[in-house]
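Undergrad: quick one, what's the 3D model for this:
(one chain, ligands or ions: 1)
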Amino acid sequence: MTTRDIDLLSLDLHTYDPEPVYEYLREEEPLYWDAKNELWAVSRYDDVIFASKNTDIFCSGQGVVPGVGLEDWPDEAMINLDGHAHTRQRGLVSKGFTPRRMADLEQHARDIVVELVNKVQSVGKCDVVKDLARPLPMQLIAEMLGYPKDMYNTVLDWTDTFTQGGCGQACITDEVVEAFSNFCMFHMQLLEERKQNPGDDLLSTWLNAELDGDKLSEDKLLYEHNLLLVGGSETTRNAISGGFLQLIRHPKQRQHLIDTPDALPNAIEEIVRWATPFVRMARTLTQDYSLHGREMKKGQQIVMMYPAANRDPRAFDNPQVFDIHRDFKRPSLSFGYGKHFCLGASLARLELKVMFEEVLQRIPDMQLDPDNEVVPHPSCFIRGLESLPVTFTAV
Ligand code: HEM
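TA: Predicted coordinates:
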């Protein structure tokens, strides 16, 4: 077996043509040891499921960002909890994301998209990321969190900045720290207001909640708020922009969706598989454990490589092909698997549905703007585009 030196926390690796490396990992070193970052990685579909499912061996309780322990970042959000503590904390907000709640939200989400499309339709060009994909998820999660409208853009700018910290210790720059401090101050102010005037928002829910008789600590409130904000605002945009890019590249598939809207739900699953907005989540070994002939030690970290698993030929026929007609025998792992399966998956799917339905009907001839480049977002945490400039017939 050959061993290559692969820096799993390299931003470039996951941003520019990662598939040859992912294929190497899947086929040659399905359990990979990255000596530089002291990190294991699994890249096959079944191994990502195995690590997600066996929370007694691979726990979330030491954090899910590689190289950033809870002693550096005392984050008590649900994503960093295991067992009962996780279930009860997740239960506080999960009822806000039921299919029924999403059905109630659909018309409102559609109204937001209509307004966004109205702003660009007469211009004949736009940046899909800036004008469509970025604002929709933020507006919806900001409303659920009860933000004042005039703060949406400011908070989103901070969030875009501090989410870079998810790339690991080396990316926690002064700018990241400053953006997070701004968010913390905003959180404290908002909390004070909610204490005076509780509302029908997630912050009020957390403030009034009790976990086995105890109120949520100040830290828990802050980090739970941060998790919902990041999950809500930084992810779906990449499936939206990645999806439009693929449909521009595959005009027959796009035309099929325009003519046959019933095909959209399956297309959305393929878009989510193709885009795979999260590169990975980490777990910590609770015991020594052997896999693929290698022994991992208790306390070491392992990452689950979602984009590599989503191109695993063991789980998907022709995984390198974008195909909205794909016959999914197994679901993509973009939303994770098991107990920490994405809480916001139903919201993300709703956002994708209304966005693609409206834009495909109203801007059916979107093309890449020949004068401006598609710009990827360099990250080893969140995969996506910084800019997707397009042109179309102005109406
Ligand atoms: C396409 C968009 C999205 C993708 C690809 C995505 C992906 C993921 C993944 C992979 C996990 C699993 C984490 C783990 O196992 O450690 C997760 C968890 C989570 N996601 Fe999402 N997410 C998306 C949208 C959203 C949205 C819109 C929200 C907003 C509410 C959200 C909130 C969460 C939360 C709160 C968790 C933690 C759940 C838990 O620990 O029980 N996500 N997401």
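Undergrad: how many neighbours does Ala51 have?
TA: By other CB atoms under 10 Å, 25 other residues sit near Ala51. Quick note: C-beta positions are derived from backbone N, CA and C, even for glycine.
Undergrad: touching, it and Val42? I think so.
TA: Yes. Checked against CB atoms under 8 Å, the pair Ala51 and Val42 is within contact range at 5.7 Å.
Undergrad: give me the common contacts of the two.
TA: Common neighbours of Ala51 and Val42 are listed as Ile302, Met304 (criterion: CB atoms under 8 Å, 6 or more residues apart in numbering).
Undergrad: find the nearest non-adjacent residue to whichever residue of the stretch 151-300 of the chain sits closest to the ligand, please.
TA: Closest approach between the stretch 151-300 of the chain and the ligand, counting by CB to the nearest ligand atom: Gly231, at 2.7 Å. The shortest distance from Gly231 to any non-neighbouring residue, by CB to CB, 6 or more residues apart in numbering, is to Gly344 (5.3 Å).
Undergrad: ok, back up a step: hang on, the residue of the stretch 151-300 of the chain closest to the ligand packs against Leu347?
TA: No. Gly231 is beyond contact range of Leu347, at 9.1 Å (criterion: CB under 8 Å).
Undergrad: now for those two: what residues contact both?
TA: Counting by CB under 8 Å, 6+ apart, the residues touching both Gly231 and Leu347 are Ile141.
Undergrad: neighbour count for those two, which is higher?
TA: Leu347 (23 against 20).
Undergrad: element containing the more buried one, please.
TA: helix 345-362 (DSSP states H and E).
Undergrad: any idea of the mean pLDDT in that helix?
TA: The pLDDT scores in helix 345-362 average 98.
Undergrad: how many residues are close by the closest residue in space to Phe97 that isn't next to it in sequence?
TA: The shortest distance from Phe97 to any non-neighbouring residue, by CB to CB, 6+ apart, is to Ser346 (5.4 Å). For Ser346, the neighbour count with other CB under 10 Å is 18.
Undergrad: pretty sure Ser346 contacts Asp104?
TA: No. Applying CB under 8 Å as the test, Ser346 and Asp104 come out as separate, 11.7 Å apart.
Undergrad: show me what contacts Asp317?
TA: By CB under 8 Å, 6+ apart, the contact list for Asp317 reads Arg326, Asp327.
Undergrad: specify the local secondary structure of it.
TA: Recorded secondary structure, Asp317: coil (DSSP: H, G, I helix; E, B strand; the rest coil).
Undergrad: per-residue pLDDT, it?
TA: Confidence for Asp317, expressed as pLDDT, is 98.
Undergrad: and it, backbone torsions?
TA: Backbone geometry at Asp317, expressed as degrees, to the nearest 10, gives phi -70, psi 140.
Undergrad: repeat that for Lys125.
TA: According to degrees, to the nearest 10, Lys125 has phi -160, psi 160.
Undergrad: need the contact list for it.
TA: So Lys125 contacts Asp369, Pro389, Val390, Thr391, Phe392 (CB under 8 Å, 6+ apart).
Undergrad: low-confidence regions, the stretch 51-200 of the chain specifically.
TA: Along the stretch 51-200 of the chain, the model assigns pLDDT under 70 to no residue.
Undergrad: all helices for it, in order.
TA: 83-94, 99-121, 135-145, 152-162, 174-196 (DSSP state H, counting those that start in this stretch).
Undergrad: residues near the residue of the stretch 51-200 of the chain found nearest the ligand, how many?
TA: Nearest residue of the stretch 51-200 of the chain to the ligand, counting by CB to the nearest ligand atom: Ile79, 3.8 Å away. Residues near Ile79, counting by other CB under 10 Å, number 23.
Undergrad: list the contacts of it.
TA: Ser60, Val64, Leu227, Met281, His340.
Undergrad: Pro30 and the ligand, how far apart?
TA: 19 Å (CB to the nearest ligand atom, to the nearest Å).
Undergrad: list the residues that contact that residue.
TA: So Pro30 contacts Val42, Ser43, Arg44, Asp47, His292 (CB under 8 Å, 6+ apart).
Undergrad: next, count neighbours for the closest residue to the ligand within the stretch 201-350 of the chain.
TA: Distances between the stretch 201-350 of the chain and the ligand by CB to the nearest ligand atom are smallest at Gly344, namely 2.1 Å. Applying other CB under 10 Å, we find 23 residues neighbouring Gly344.
Undergrad: likewise for Glu115?
TA: Neighbour number of Glu115 under other CB under 10 Å is 12.
Undergrad: next: Asp174.
TA: If we define neighbours as other CB under 10 Å, then Asp174 has 7 of them.
Undergrad: next: Asp7.
TA: Neighbours of Asp7 (other CB under 10 Å): 14.
Undergrad: now do the closest residue to Leu92 other than its chain neighbours, the pLDDT please.
TA: The shortest distance from Leu92 to any non-neighbouring residue, by CB to CB, 6+ apart, is to Ala209 (4.9 Å). Looking at Ala209, its pLDDT is 91.
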